[in-house]
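Student: pasting the sequence and the predicted coordinates here, then a few questions.
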Amino acid sequence: MTKLPSLIAAFAGLILVAELPLAAAPASQFHVYFGTYTGKKSAGIYVCRLDAATGKLTVPELAAETPNPTFLAVHPQLPALYAAGRPLLLAANEVKDGMVSAFAISPDTGKLTFLNQRSSRGSGPCHLSVDRSGRCVLVANYGSGSIAALPLNQDGSLGESTAFIQHTGSSVNKQRQAGPHAHWIDTSPDNRFALVCDLGLDKVLLYTLDPAKGALAPSDPAFAGVTPGAGPRHLAFHPNGKFAYVINEMGNTVTAFSYAAASGTLKSIQTLPTLPEGFAGPSSTAEVEVHPYGKFLYGSNRGHDSIAVYAIDGGTGQLTFIEHQSTQGKTPRNFAIDPTGRWLLAANQGTDNVVVFGLDLTTGRLKPTGHTVEVGAPVCVKFVPMK
């Protein structure tokens, strides 16, 4: 009997450890990569280091010179990184395919070595991802409203595309939605489906995915809609896989969906504004991300130049607004939360800076740390753990 209390305490401790999220692991170091629009202040992809214990960044250095690496994706197993790139200059009325570039990552320095490049199978590629098995890259082409899958070789280099789908249709805004504009593509948590936010169609389209073959096919149902004219831009899944959140660029809203993994079905449950009541200036949304612990949602406003913060009800998926936090710069095209869940890095495209905020893990609120670095026209932030 004398050992029973200690055994209970030990068992309780094991339960507590088992329930701690992965983000509670000891602080470590990360390479942070920045995709950019190239110009006077940028020549390609930049890299620095994040000290996850302090939130401090080192001075960014050029990791690879490449034109307009507007969005980046990291391989889940290999030391490889991929960039969606747009041609620097086009002649009048010329339509030219964008490119997807593959790079090998140096584990020590974070510098990138060019592997190869393939066509994105459309114009204006704006988003890409690597499927969770690491066998293919998925790319969304905004200009042409198309998507493609590119198989990956064992060294991380790209093969020629094995799947191509051209979206068709339009929506209510004749200036922005006269045709399709695929804006985001990624897989479901179980890797069985690929989801695409199409701003021009006001739809989140769903496709079955065979990563081994790099094959895509329309799912059934084939899409979930948002409010006409909202313009869905990016999507973020909840860590539990039961909910997904779409940020709507034109409507300045965020829509919560329930997600049925078995059928790959999305069902809208709530839509909230991302801007404060009474704000009348021009603004549009950009990025959306769920905190690694699943308790909070963050979305960026370009124009209001802020991050909107919401609490997530883990049972229903519904959102409750918490605060707006200034990004201390202009046009927060992108932001990212580090894997430990302690820091948010806001990339301000209009002011050429990346600002570090601390995250209150109890309230979800953001607090400026005073740490900032200069990066020319930053439009994407990605973390790679340092070994």
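Tutor: Perfect, thanks for sending it.
Student: show me what residue 182 bridges to in the sheet.
Tutor: Counting by DSSP bridges, residue 182 forms beta bridges with residue 198.
Student: that one reaches residue 140, doesn't it?
Tutor: Yes - taking contacts as C-beta atoms under 8 Å, residue 182 lies within contact range of residue 140: 3.9 Å. C-beta here means a position set from N, CA and C on the backbone, and glycine is covered the same way.
Student: between these two, which contacts overlap?
Tutor: Each of 126, 127, 147, 196, 197 lies in contact with both residue 182 and residue 140 under the rule C-beta atoms under 8 Å, 6 or more residues apart in numbering.
Student: most neighbours, which of those residues?
Tutor: Neighbour counts for the shared contacts of residue 182 and residue 140 (other C-beta atoms under 10 Å) peak at residue 147, which has 30 neighbours.
Student: tell me which element that one is part of?
Tutor: strand 146-151 (DSSP states H and E).
Student: can you give me the offset of the helix or strand just after that strand from its chain's centre?
Tutor: Reading on from strand 146-151 to the C-terminus, the next helix or strand found by DSSP H and E is strand 163-166. A distance of 22 Å separates the centroid of the chain from that of strand 163-166, by C-alpha atoms, centre = their mean, to the nearest Å.
Student: same question, stretch 210-228
Tutor: Using C-alpha atoms, centre = their mean, the offset of stretch 210-228 from its chain centre is 18 Å.
Student: what mean pLDDT does it get?
Tutor: Per-residue pLDDT over stretch 210-228 has a mean of 97.
Student: quick check: end-to-end length of it?
Tutor: This stretch, stretch 210-228, spans 31 Å end to end (C-alpha to C-alpha, to the nearest Å).
Student: report the buried residues of that stretch.
Tutor: 210, 211, 214, 216, 219, 223, 224, 226, 227 (16 or more other C-beta atoms under 10 Å).
Student: farthest-apart pair in the residues you listed, please.
Tutor: Across the buried residues of stretch 210-228, the longest distance by C-beta to C-beta is 33.5 Å; it joins 214 and 227.
Student: tell me, how many residues neighbour residue 107?
Tutor: 12.
Student: for it, list the residues it contacts.
Tutor: By C-beta under 8 Å, 6+ apart, residue 107 lies in contact with 79, 386, 387.
Student: now the angle from the longest strand along the chain to strand 146-151?
Tutor: Criterion DSSP state E: the longest strand present in the chain is strand 215-225. Calculated by axes from the mean of the first three to the mean of the last three C-alpha atoms, to 10 degrees, strand 215-225 forms an angle of 140 degrees with strand 146-151.
Student: which elements pack onto strand 215-225?
Tutor: The elements that strand 215-225 packs onto, with contact taken as 3 or more C-beta pairs under 8 Å, 6 or more residues apart in numbering; DSSP states H and E, are strand 146-151, strand 163-166, strand 203-210, strand 265-273.
Student: could you export those as a markdown table, including distance to residue 355?
Tutor: Shown next, in a markdown table, are the helices and strands packed on strand 215-225 (distance: least, C-beta to C-beta, whole Å):
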| stretch | distance to residue 355 |
| --- | --- |
| strand 146-151 | 32 |
| strand 163-166 | 37 |
| strand 203-210 | 30 |
| strand 265-273 | 23 |
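Student: do you know which of these lies nearest residue 100?
Tutor: strand 146-151 (6.1 Å).
Student: and the closest residue to residue 28 other than its chain neighbours, how many residues sit next to it?
Tutor: The spatial neighbour of residue 28 that comes closest, neighbours along the chain excluded (C-beta to C-beta, 6 or more residues apart in numbering), is residue 52 at 5.6 Å. By the criterion of other C-beta under 10 Å, residue 52 has 22 neighbours.
Student: quick one, what contacts residue 52?
Tutor: If a contact means C-beta under 8 Å, 6+ apart, then residue 52 has 27, 28, 29, 30, 338, 339, 340, 342, 343 as its contacts.
Student: swap the cut-off to 7 Å and go again
Tutor: If you count contacts by C-beta atoms under 7 Å, 6 or more residues apart in numbering, residue 52 has them with 27, 28, 29, 30, 338, 340, 342.
Student: for residue 65, same thing?
Tutor: By C-beta under 7 Å, 6+ apart, the contact list for residue 65 reads 43, 44.
Student: please tell me how far it sits from residue 101.
Tutor: 11 Å (C-beta to C-beta, to the nearest Å).
Student: what's across from residue 44 in the sheet?
Tutor: residue 65.
Student: model confidence for it, exactly?
Tutor: Per-residue pLDDT puts residue 44 at 98.
Student: same thing with residue 387?
Tutor: 77.
Student: residue 173 reaches residue 228, doesn't it?
Tutor: No - contact criterion C-beta atoms under 7 Å: residue 173 and residue 228 do not qualify, at 8.5 Å.
Student: this completes my enquiry, with thanks.
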